[in-house]
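Chemist: the following block contains a protein sequence and its predicted model.
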Amino acid sequence: MSSFLETVLRSAWLSQLEQQFPTPAFLYQREQLEYDAKRIREALSAASSLYFASFCNSNPWLLRILKNQGFGMLASSPSEYRLAKAIGFPSWRIAVTGAGFSKDDLKELTGDRVELNLDSLDQLADALEVNARATLGIRLNPQFCESTDGKGLPLNSCLAKSSRTGIIPEELPEAVRISKSRGQKLSSVHIYTGTNQLKADLFHFTVQHLFDLVAPYEDIESINIGGGFGFPYLEGEHPFPFRDLNECLRQNIARFEHQHGRTIKVVAEPGRSVIAACGALVTKILHCKIRPNGDTFITTDTNLSNFPRPYIYGDEGKHKVSIVSASSRPTPHPGGAKVVVCGNALPSGDILGVIENFAFVPRAGDYVVIHDTGAYGYAMSSRFSGRLRPAELLLSNENVQLIRKAEDDNLLLEGTGFGWRNSESPFTLDLERRVS
Ligand SMILES: Cc1ncc(COP(=O)(O)O)c(C=O)c1O
């Protein structure tokens with residue numbers, strides 16, 4: 001267990017935290033984030049830049065820590081690009097990879113020297129139309145995987161023939177031609193191998209093919225291998241072998257230089273592998289239900305709106321969960337309880353995790369900590385069913401700092417022209433006001 005979780009999983013510590021910041025709250029630890037950022041940067045030394053995938057966590061305080069650790073930032077939308085600029089990432093440390101940019105978006109994005117990876121030939125032509133001086137990259141789906149899982153779904157949707165991502169290899173010559181016809185270079189090719197990969201095998205395969213694919217095109221100076229480096233959410237899983245991938249990159253770069261007499265740069269866009277471990281969702285038990293067979297359902301004060309991964313991804317979205325008794329003398333459970341950790345949103349599927357053989361009887365007021373929620377946690381939250389977003393907190397040394405306030409009811413009406421009428425009858429809408 002990380003020293004972050006060792007600190008957090010103590011009832012005295014959690015009760016002190018709760019006195020200052022009510023549950024639920026997303027808690028992050030600076031030291032864990034710095035440790036993982038440094039570990040990954042050192043292990044992936046063959047990559048000349050690492051752009052942190054900010055859509056998995058876009059809290060500016062955390063992005064600033066990563067900037068100070070030498071990371072660039074990956075934006076997937078114009079708003080994330082503006083966030084990168086606001087935080088102070090210089091343009092040469094920003095990559096923008098995405099789909100469906102309008103001409104206005106492209107005008108803004110090509111006006112700066114960011115690494116811009118486009119998704120189609122049309123988009124490439126649009127970008128060169130709005131800015132004839134743009135140096136661009138293209139997303140490529142090498143279509144390696146044809147196999148399906150028996151239900152017709154591709155085994156690896158990102159590399160499958162049916163994937164929507166990027167252009168196909170046959171279109172690469174045309175992408176180079178479009179760029180050349182405008183007097184420009186197609187300078188990079190981007191690939192996304194797949195999500196939450198715990199092994200490097202598939203990367204070995206895609207990296208080698210990508211190097212071979214780009215070899216005939218002298219303008220292509222860099223390869224972006226995207227993200228998808230997995231995180232060991234469950235017992236028995238292991239961290240992504242970055243050193244193994246690094247060795248593969250190193251060998252391919254050397255082979256490429258030897259065979260083609262020029263060098264090629266590799267960059268990557270890691271997300272969850274960098275930031276998952278530094279986060280935990282701290283919540284509390286509101287009620288417990290014990291069924292005749294002993295199954296215990298506990299309702300917490302968080303939910304699928306705050307943390308949708310388990311609801312959306314099912315088995316692929318499981319996280320470790322710990323219950324920390326608020327009592328110094330919890331009642332032992334003979335034989336261990338099966339505890340189903342539920343959210344407080346209405347859908348019956350609002351289940352955040354299951355603990356088999358919990359040694360004690362859980363009680364209202366006990367703390368529940370969902371582990372490793374630094375990535376795709378707050379970033380995927382919503383206000384579904386009026387369950388507003390919780391606060392975000394940053395633990396550093398012994399101090400806890402509020403880095404984003406919890407949402408309040410005003411957000412339910414924001415931008416609608418309605419307002420809460422007054423404090424005496426806060427549930428009456430002010431029908432006089434209109435959106436302007
Ligand atoms: C293009 C691209 N880059 C980077 C990432 C980050 O992936 P991860 O958080 O799995 O490392 C993603 C995730 O979907 C992606 O689509």
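Modeler: In hand now; what should we look at? Just so it is clear, the structure is predicted and the values come from calculations on it, not from any experiment.

Chemist: okay, and the beta partners of Ile167?
Modeler: When bridges are called by DSSP bridges, Ile167 pairs up with Leu140.

Chemist: these two touch, right, it and Gln123?
Modeler: No - using C-beta atoms under 8 Å, Ile167 makes no contact with Gln123, being 9.5 Å away. C-beta here means a position set from N, CA and C on the backbone, and glycine is covered the same way.

Chemist: which one's more surrounded, these two?
Modeler: Relative neighbour count places Gln123 above the other of Ile167 and Gln123, with 24 against 20, counting by other C-beta atoms under 10 Å.

Chemist: confidence score at the residue of the stretch 51-200 of the chain found nearest the ligand?
Modeler: With C-beta to the nearest ligand atom, the shortest gap between the stretch 51-200 of the chain and the ligand falls at Ala53, namely 3.5 Å. On the pLDDT scale, Ala53 is placed at 98.

Chemist: give me every residue that touches it.
Modeler: Under the criterion of C-beta atoms under 8 Å, 6 or more residues apart in numbering, the contact partners of Ala53 comprise 74, 76, 227, 269-271.

Chemist: now narrow these to whatever sits close to the ligand.
Modeler: Counting by C-beta under 6 Å from any ligand atom, the subset of these that neighbours the ligand consists of 74, 227, 269-271.

Chemist: just put these in TSV and tack on distance to Ala95.
Modeler: Formatted as TSV, the ones next to the ligand among the contacts of Ala53 follow (distance: C-beta to C-beta, whole Å):
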residue	distance to Ala95
Leu74	5
Gly227	11
Glu269	7
Pro270	12
Gly271	12
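
Chemist: farthest-apart pair in those residues, please.
Modeler: Taking C-beta to C-beta, the two most distant members of the ones next to the ligand among the contacts of Ala53 are Leu74 and Pro270; they sit 8.9 Å apart.

Chemist: need the overlap of contacts for those two.
Modeler: Both Leu74 and Pro270 are in contact with 52-53, 227, where contact means C-beta under 8 Å, 6+ apart.

Chemist: please produce CSV containing these, extended by secondary structure and distance to Val369.
Modeler: Converted to CSV, the shared contacts of Leu74 and Pro270 look like this (DSSP: H, G, I helix; E, B strand; the rest coil; distance: C-beta to C-beta, whole Å):
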residue, secondary structure, distance to Val369
Phe52, strand, 25
Ala53, strand, 25
Gly227, coil, 26
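
Chemist: nearest to Asn399 among the residues you listed?
Modeler: Nearest member of these to Asn399, counting by C-beta to C-beta, is Phe52, at 23.9 Å.

Chemist: report the beta-bridge partners for that closest one.
Modeler: When bridges are called by DSSP bridges, Phe52 pairs up with Met73.

Chemist: thinking again about what came up before, for the contacts of Ala53, which single residue is the most surrounded?
Modeler: If you count neighbours using other C-beta under 10 Å, the busiest of those is Leu74, which has 30 neighbours.

Chemist: so that residue makes contact with Tyr51?
Modeler: Yes - with contacts counted by C-beta under 8 Å, Leu74 reaches Tyr51, the gap being 3.9 Å.

Chemist: list residues touching both of those two?
Modeler: Overlap of the contact sets of Leu74 and Tyr51 (by C-beta under 8 Å, 6+ apart) consists of 94-95, 269.

Chemist: of all the contacts of Ala53, which two lie farthest apart?
Modeler: Of all pairs in the contacts of Ala53, the most separated under C-beta to C-beta is Ser76 and Pro270 at 14.1 Å.

Chemist: right, I'll leave it there.
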